[in-house]
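> sequence-free structure coming up:
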């Protein structure tokens, strides 16, 4: 949960930095327009020099904010890439350690689908539902319409006597997730 909070705070600070950079850019533009107007109106050079100094400070501020923003986004990106690599390694390790169990579970799921007398299409939709894909994602994978996938899912639930996706997942996972006694 704290990692999620850190990501959210990072996103908020990045938005604030973007807003600050836009404000500096607007200030820069207004000062530049004012300097050009003052120069055209023949205003004293001392006044124009002060405005040019303010313009230079605005440019420096914009550059510093831009640099800070770049560093912040690169740091966040590096953190996300590191976290992703760790999660991928952990997933590979878990799959390797659990290969036989996963194969056995997949086999038992297919046997249960056969007991429910699912068509091949319904069984494929069932496996993809168990993997967590949305109806639209399943439709894309199967090159079918989302409506067809929804109908196949409804047929699966009806044949299995289940109320929906949650009960389908629970049917196969409930006994696997028993608390240790």
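That came through, no problem. The shown structure was predicted, so the numbers you read here are calculated from the model rather than taken from an experiment. Numbers count the residues shown, from 1 in each chain.
> CA atoms for contacts and neighbours, from now on please.
Will do.
> Quick check: can you list the domain ranges of the protein?
Listed by automatic domain parsing, the domain ranges of the chain are 2-97, 99-176.
> any chance of the ones you listed in TSV, plus mean neighbour count and mean pLDDT?
Shown next, in TSV, are the domains of the chain (neighbours: other C-alpha atoms under 10 Å; pLDDT from 0 to 100):
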stretch	mean neighbour count	mean pLDDT
domain 2-97	14	81
domain 99-176	15	93
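> Quick check: phi and psi on the closest residue in space to residue 160 that isn't next to it in sequence?
Closest residue to residue 160 apart from its sequence neighbours, by C-alpha to C-alpha, 6 or more residues apart in numbering: residue 116 at 5.7 Å. Here is the backbone geometry of residue 116 (degrees, to the nearest 10): phi -80, psi -10.
> Centre of the chain to the longest helix belonging to the chain, how far?
Taking DSSP state H as the criterion, the chain has its longest helix at helix 45-97. On the basis of C-alpha atoms, centre = their mean, to the nearest Å, helix 45-97 sits 19 Å off its chain's mean C-alpha point.
> For that helix, name the packing helices and strands.
Using 3 or more C-alpha pairs under 8 Å, 6 or more residues apart in numbering; DSSP states H and E, the elements in contact with helix 45-97 are helix 2-41.
> now with 10 Å?
If you count contacts as 3 or more C-alpha pairs under 10 Å, 6 or more residues apart in numbering; DSSP states H and E, helix 45-97 packs onto helix 2-41, helix 99-115.
> JSON lines please, covering these and showing distance to residue 63.
Output for those, formatted as JSON lines (distance: least, C-alpha to C-alpha, whole Å):
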{"stretch": "helix 2-41", "distance to residue 63": "9"}
{"stretch": "helix 99-115", "distance to residue 63": "53"}
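> Nearest to residue 172 among those would be which one?
Among those, helix 99-115 comes nearest to residue 172, with 7.4 Å by C-alpha to C-alpha.
> for that closest one, packing partners?
Where contact means 3+ C-alpha pairs under 10 Å, 6+ apart, helix 99-115 is packed against helix 45-97, helix 120-130, helix 146-160, helix 165-173.
> picking that back up, so who does the residue nearest to residue 160 touch?
Residues near residue 116 by C-alpha atoms under 10 Å, 6 or more residues apart in numbering: 110, 123, 156-161.
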